[in-house]
Structures are given as structure tokens and as C-alpha cells.
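1. take a look and give me a structure for this.
(2 chains)
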2 protein chains.
Amino acid sequence: MPFEFDTATQLTATATPGTFEGAIHAGWDINGNANGGYLMALAARAMRDVSGRPDPISVSAHYLAPGPAGPVTVQASAVKTGRQLATLTGSLRQGERELLRLLGSFGDVAAMSGGYQHTTLAAPDVAPREQCIQHSSARAAVTVPLADRLHTWFRPEQAPFLPGPKSNIAVIEGWAEFADGRSFDTLSLLLVADGFPPPVFHLDMPSGWVPTIELTVHVRGIPSPGPVRCRFHSEIVQNGFLQEDGLVWDSDGQLVAQSRQLALLPRG
Amino acid sequence: MPFEFDTATQLTATATPGTFEGAIHAGWDINGNANGGYLMALAARAMRDVSGRPDPISVSAHYLAPGPAGPVTVQASAVKTGRQLATLTGSLRQGERELLRLLGSFGDVAAMSGGYQHTTLAAPDVAPREQCIQHSSARAAVTVPLADRLHTWFRPEQAPFLPGPKSNIAVIEGWAEFADGRSFDTLSLLLVADGFPPPVFHLDMPSGWVPTIELTVHVRGIPSPGPVRCRFHSEIVQNGFLQEDGLVWDSDGQLVAQSRQLALLPRG
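-> I've put the predicted structure just below:
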């Protein structure tokens, strides 16, 4: 039986080179609109295929319209095919409506591994999952079917959607793991990079849908098997926009993805 | 007399809509290759023109080849023209060689200003410029003509290129101001976002040319007149790549730009 993520990002090549057909699958959404990381992974799968490289290295997506479940067309086109990296554009459309435009470089993380290493970003010391609060598709004010595909657990004091006064600290740390036990690979890190509720939900501001304008994910390593630890945080809510950064560590404590998105402030 | 930055990013529309002619001007380079922020600004000026909006909001560029001085063609094409934002692709070519492919959203920062504000990123308390170390086009091991266009000053203990043991702290804070007194606007923040030497020069690793793979800049405010304060820092050097983040504050202490780039490790 194939894993849910692989089925949900499955694409069929058409007679036109670089054009694929697939679908936004139900169940990867928040209140009916597909998660932005899932949409990026769906489009990046086509780009990866055309690139002939195993891994997304740096992918940026601009989000043009929300994505309800239904058939989609993905186009991927090479900009430059270099020795270490291949750079491609991508586009995800639903009928006439373009949902995502992407630009990304793909390569081979394993082939680049080793050499000088320096990191000041150690994995956060998150309590075991059984001491964390698991996200539920029904607990939130909105329905989050995504939480039944990608299980997420939050540090108790950082769990969103709890009653009581806001902490005003826009940080959520916790765990993520596929519900069906699929291991993470470099493609599915794109999903994880947008897989937590917005940490700005901890701020004393109008809450609601936080539409992503742009998301960039850097894949920095091949994840080892097991759950990943995540840290999402926002530092700047200003002039109608907010930034959200994400960090993902594998079970060996290796930082495997770093992301940043610019999103519109909820209108309340 | 026009300011140097405006002359160096000047473009002439051709008969083909969205296609402009211009040049990579000498003097904005490091050792003969144009600065990545300058190249982004040059291409983004065409994208901004086609967008009909005053400000870059989020621009990502993938760097495909180094840019020596000489004539270039810039193409800009609308992906979506929305109410708040217009999303465009951009391409900068030198003859047959594509140097940059871009994707960006443009809008009106002033029209979005106000509303809920929250920032935990205060401007660093950098000493006045006369107590800092000014970057020089000749001080470095390589020539940095850029330093004669965009003046930069570094915290004395964080100045790169000084003799002595490495600090192993990949942070450079300081000031930036155009040599000819031009005020910063939202377009020139794209230059500033790549205007400092790489903070990884403070690490005990092989130094040399650090080729940018991808740079994303978020413009978060309209800079007030006067010099800007900057903080550039790298946290993750791993598997052949390094990340560099930039923060730019105006003279009122407002955070006006946030950037991140993924670059290749110097080969030493």
C-alpha cells in the first residue's frame, strides 16, 4: 500500500514534455484549502522529476490563489542545468487558475555532504511526544484535516488554540511525523516547513487565516528515519505582513531544513 | 547629476513589451563580478516597472552565472496582477547567457502601513560610524569596487579581513550609506541585503568567493533618510552550502528589510 504523501503528490506525465497531471487530494487542508507546504511539494515533485536530481535544495513559491481539492496541472521547465545544480521554474494550475508559481534549484544532497561544518542552531530540547499536546483536526476553531496526515505535537506551553491569555511569544516547537509511518525524505521536508499552525496565533492580534505570499525552503540534509523536531517562530509583524521562520531537525539532531515565509496579516 | 545607483540600474524599454536594455556597470563588483544585490536590483527595477507598483515586497533570485560589466537584457512578465500584490517573473541575460532568474511580488508598502505591529528584532546598538572600521575597495585580499559606491562600516571587533585568529562568530554588524549621498528607497534595499562581506569570513574555514545560489529579500518598510544599520549572520554551514541572513534598519530604528541567501562554500 503506498504511503498517503506519495499518493497525494503522484503525478502523471502527459504527452507535453514537462507537463504533468495530478490532483490536490482532500485531507491535506485547513478548512478546505490545501496546506501551502503540501502544494509546494506537489509542484516540486514535477520539478524534481524534470531536473533529474534527487533533492530540492532551495525552492521558492509565490502563492496566487487558495487550493481546494481537485485536479491540477503542473508544469516544470529547466532554466539552467549545471554540474552541481539544476534550476527550474514550476507552475501549479487548477483549470485556468494558477495557484503557485515556483523557482527552485535541485541537486544531490548526499553527493555534497561532508566538508567544513559549522552550526549554531542546535535542536530544541523538546519533551517526548507523550508529554506534548498533539494537534487535532477537530480541536482548532477551524477544521485541520492535515493534522490527521501529518501528526504534530507541540510543547505544552506553546500549544496554540488553548484557552487563556496570549503569551505574546510567537514560537511553537514540537514534533512531526507522518500518520502512516512514512519516513521523511527531502521532498516531504517541504510539507513539514509549513506544517505547524502559525506561531503568530500566540500574539494578541486578530487571528484567522494567514495567507502565505511567499515561502522559501532550503533543504540542508537528508533526514534520518523517525520523527523530526521543529521550531517555528515569527519576529516581525509589520505593515500588513508577517515573517515566519521554520527549522527542522531529524532524529539524529541534524538540521535538515530551514524555511521562511512572508504572509499577510489575518483580517480578524 | 543623477545618483550612481540610479544610473547603474537604468533601463531602456525596447519595442518588445516587458523587455529592457541596460548594462551591468563597472564599479559595483567584487573582483570583477557584479554584486548579487546590485544584479537583483537591476532586474527588479524592470519587474517593478512592469508591475505598476512602487515597491518590491518579496523577491527571490537564483544566480546562474557571474556578471561581469557589460550590456544586459532584462525581461519581466506578469504572473498575476492582484489588488494588493502583483507577481512577476524576471530574467537578466548577458548575450545568450542567463545570469539571474527571479520571481517576485510587488506592492505598495505605504498603502499597507499601520495595523498591528510586533517585532522582537531591535536594531543593534552599533557605535557611531567614526568608531567603526570602514570597508575599503583596496583593504581586502580581493578588490571591492562596490565599497566605493556603497560605503559600509563594521563594528571594530566584527570587521572582516583583519589579521589575527578567527573569532568563529559569523556575525557582522555595521552601517551602510551610498557614497554619493543618495537616500535609500525600497529598490536599493535589495542592494544593501547583499552589501556586506560574508560573515562566514570569521569562521576558521577556507575563505574565498562565496557564490550565491539563491537570495530572497523581503522589504518590510520604507526607509527614512540617512544611513541604515545592518546585521548579517550565518548559522548553518553544512553539506557544501551556507545560509546567510540579513537585517536592515533605517535611521528611525524601523526594520526595513530581511533577507536570506543560500550560497556555496568557498573552495579555498
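2. what degree of burial does A:D245 show, as a neighbour count?
-> 18 (other Cβ atoms under 10 Å in any protein chain shown). Placement of C-beta: from N, CA and C, glycine included.
3. any idea how far A:I133 lies from chain B?
-> With distances taken as Cβ to the nearest Cβ, to the nearest Å, A:I133 is found 24 Å from chain B.
4. may I have the phi/psi pair for that residue?
-> phi -100, psi 120 (degrees, to the nearest 10).
5. does it really touch A:F154, like I thought?
-> Yes: taking Cβ atoms under 8 Å as the definition, A:I133 is a contact partner of A:F154 at 5.1 Å.
6. does A:F5 belong to a helix, a strand or coil?
-> For A:F5, the assignment made with DSSP: H, G, I helix; E, B strand; the rest coil gives helix.
7. that one and A:E177 touch, don't they?
-> No: at 11.6 Å, A:F5 does not count as touching A:E177 under the criterion of Cβ under 8 Å.
8. name the residue in those two with the higher neighbour count.
-> A:F5 (24 against 19).
9. confidence score at that one?
-> The per-residue pLDDT reported for A:F5 equals 98.
10. what of A:V142?
-> A:V142 is assigned a predicted lDDT (pLDDT) of 80.
11. name the nearest residue to it, ignoring sequence neighbours.
-> When the adjacent residues along the chain are set aside, A:V142 lies closest to A:N31, with 4.3 Å between them (Cβ to Cβ, 6 or more residues apart in numbering or on different chains).
12. also A:S188?
-> In space, not counting the residues next to it along the chain, A:S188 is nearest to A:F5; the distance is 5.6 Å by Cβ to Cβ, 6+ apart.
13. returning to that earlier point: neighbour count winner among A:I133 and A:F154?
-> In this view A:I133 and A:F154 are compared by other Cβ under 10 Å, and A:F154 has more residues nearby, 23 against 19.
14. what separation do you get for the closest residue to the more buried one other than its chain neighbours and chain B?
-> Of all residues not flanking A:F154 in the chain, A:G174 sits nearest, at 4.1 Å (Cβ to Cβ, 6+ apart). When distance is defined by Cβ to the nearest Cβ, A:G174 is 20 Å away from chain B.
15. got it, and A:L100?
-> Look at A:L100 and chain B: by Cβ to the nearest Cβ, they are 10 Å apart.
16. helix or strand right after the helix or strand hosting that residue?
-> Secondary-structure element containing A:L100, defined by DSSP states H and E: strand A:97-107. Beyond strand A:97-107 in the direction of the C-terminus, DSSP H and E gives the next helix or strand as helix A:109-112.
17. adjacent strands (with direction) for the very next helix or strand once past that next one?
-> Scanning forward in sequence from helix A:109-112 by DSSP H and E, the next helix or strand is strand A:118-119. In the sheet, strand A:118-119 lines up against strand B:236-238 (antiparallel) (DSSP bridges).
18. can you name the residues in contact with the strand it pairs with?
-> Outside of strand B:236-238, the residues that reach it under the criterion Cβ atoms under 8 Å, 6 or more residues apart in numbering or on different chains are A:116-121, A:220-221, A:255, A:258, B:170, B:200, B:203, B:205, B:242-243, B:265.
19. what residues sit buried inside the helix or strand just after that strand?
-> Past strand B:236-238, further along toward the C-terminus, the next helix or strand under DSSP H and E is strand B:241-249. Under the neighbour-count criterion of 16 or more other Cβ atoms under 10 Å in any protein chain shown, strand B:241-249 has B:241-249 buried.
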